[in-house]
Structure formats: C-alpha cells, structure tokens
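Visitor: Dropping a prediction and its sequence here:
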Amino acid sequence: MRRGKALAPLIDAASAYYRDAGHFARHWARGKLGGDPAFEAILARGLLSGRSRLLDLGCGQGLLAAWLLAARARHASDGPRAWPQGWPAPPALREYTGIEINPREVARARRAFALDPGAAVQIIHGDIRQADFASADAVVILDVLHYLDYSAQEQVLRRIRAALGSSGLLLLRIGDAAAGMRFALSKAVDHTIALARHRRWVRLECRPLHGWEQLLAASGFRTHALPMSQGTPFVNVLLRAELV
C-alpha cells in the first residue's frame, strides 16, 4: 500500500480533534501531520513504545497528543486499513502535558481537547525555561531548543533529566548546523516563523550534530541519531536519547 493511502485514515482521525478549534487549526494539523516525517517515524519505528506519561515541550497546538490518541483508537479498530501493516502497536498514552509559550497555539490546543480524549491531556501556557516539568517517562522536543540561548539549552536538558525516571527517554529533533546550504534554508524558514509568531527578530542558537550529541552526553544522555527530514528540503535529525 502506498504511504499516502496508508496514513490517510490516521491523519483524518488526528485532524478531527481540531474540528472545533477553527479552520486554521484543522488545516494546519492535516498539513503538518502529513508532511512532517517525525510523526510517521514515531509510530512506524515504535520510538515511544511503552511510554504512557509524555511531556511535550514547545507543543504548539498539541499535534503529538492528537496523533498518539488517534493512533491508539485506529489500532484498536477492526475497520479496513485501520492500522498500517508492519507497524508496532502505538503507545497507550495515559497522561500528556504540553507546554507552549504562544497563547494562540495554547487556545487552539485547549479547544481541541476540551472533550474527554481518552487520556489526561493538559496544555500549559508557559515558558519551558521556567515551567514545572513534574515527571514523565518520555519527553519530546521538536525543533524548539535552538530558539533558546546556549545556557538555557543546558538548563532545560538538566531539568529534563531530573523529570525523567531511570528508564526515561528524550526525543529531540534538531537541525545540523554543519550541513551547508540545506541547513541555511532550514534556518531561514525558522527565522520567518519566529518573525510571524513574535513580530520581532529572534536569534537562533544552533549547533552541528556532534555539538548536540556532546551537549546531551554532558547532560547525562547517550544518543542515537536518526535522519528526520525525508521528503523535505531540510536537514533535521531526531536524537533518541536515553539516560546513562
């Protein structure tokens, strides 16, 4: 089965959470879930298998929560094409906490999950540099840390380590600053997004892949790098980091 046909029912189910969150929210969900390879990889590779308490830093409108909840429902369904062949069972999400600094994103997320979604979904309006992380068995950060300065990146990673149990997991997607023109394009897009959201120029504190790996090692993680820009012009890498 072609990838598009295999994913279409899951994308439809996840996007449906945003039915009452506005036209933009629903269409953004469809475009992002269908075009960003990280969402497919998380399920297809079982990257969050066995994790039920999730902390999503810089969660936007809570797309990851919608994706995982829709995946659980589709996997449990006996309908045709309910679950892509060969994929492992999705994680049984029990608690999801998303932290997001943009109030418009927070409002969209809260409207999407206003009704009981089958898990305890909490969307917090806050800055990940100060917000309480509580505890989780997995933390996800997709394309966020480079908006913080180097000192704040280190502090956030130390706080993540403290929030995770002994078998906790971090999924961190970054751009490889050593990747030449493809990275330059990624950075230009990020600057554009930051201008649209904050109405001001935002300095990006980027690192080459080995720099991110060194930072994680210094913070107490061992990492495995997965290329995560398939089908896009960017040069992103998903770091699967476990506690040492």
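Guide: Nice, I can see it.
Visitor: contacts and neighbour counts: CA atoms only from here.
Guide: Will do.
Visitor: helices or strands up against the helix or strand that contains F24?
Guide: For F24, the host element (DSSP states H and E) is helix 23-35. Using 3 or more CA pairs under 8 Å, 6 or more residues apart in numbering; DSSP states H and E as the contact test, the elements touching helix 23-35 are helix 3-15, helix 63-76.
Visitor: Just the residues contacting the shortest one, thanks.
Guide: Spelled out, it's helix 3-15. Helix 3-15 is contacted from outside by 26-27, 29-30, 33-34, 63, 66-67, 69-71, 74, 81-84, using CA atoms under 8 Å, 6 or more residues apart in numbering.
Visitor: Do you have the strands of the chain handy? List them.
Guide: 53-57, 95-100, 120-125, 136-142, 164-175, 221-227, 236-243 (DSSP state E).
Visitor: Looking at these, which is nearest to A112?
Guide: A112 sits nearest to strand 120-125 of all the strands of the chain, at 10.3 Å, using CA to CA.
Visitor: Partner strands of the closest one, with direction?
Guide: strand 95-100 (parallel) (DSSP bridges).
Visitor: And the average pLDDT for the strand it pairs with is what?
Guide: Per-residue pLDDT values across strand 95-100 average out to 97.
Visitor: Now that strand: buried residues?
Guide: Buried residues in strand 95-100, counting neighbours by 16 or more other CA atoms under 10 Å, are found at E95, Y96, T97, G98, I99, E100.
Visitor: Only C-alpha atoms, please: export that strand in PDB.
Guide: What follows is strand 95-100, C-alpha atoms only, in PDB (Å, rounded to 0.1, in the frame of the first residue of the first chain):
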ATOM      1  CA  GLU A  95      -1.000  11.400  30.600                       C
ATOM      2  CA  TYR A  96       0.100  14.100  28.200                       C
ATOM      3  CA  THR A  97       1.400  17.500  29.300                       C
ATOM      4  CA  GLY A  98       2.200  20.100  26.600                       C
ATOM      5  CA  ILE A  99       3.900  23.400  27.400                       C
ATOM      6  CA  GLU A 100       3.700  26.200  24.900                       C
END
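Visitor: tell me the contacts of R45?
Guide: R45 neighbours (CA under 8 Å, 6+ apart): W87, P88.
Visitor: Can you tell me the closest non-neighbouring residue to the residue most central in space within the chain?
Guide: Central residue of the chain (CA atoms, centre = their mean): L142, 4.3 Å from the mean position. Setting aside the residues directly before and after it, L142 is nearest to R173 in space (CA to CA, 6 or more residues apart in numbering), at 4.8 Å.
Visitor: for A138, same thing?
Guide: In space, A138 is closest to L169, 4.7 Å off (CA to CA, 6+ apart).
Visitor: could you list every residue that touches that neighbour?
Guide: By CA under 8 Å, 6+ apart, the neighbours of L169 are D137, A138, V139, R240, A241, E242, L243.
Visitor: Next: A41.
Guide: Per CA under 8 Å, 6+ apart, neighbours of A41: L47.
Visitor: Please consider this matter closed, and thank you.
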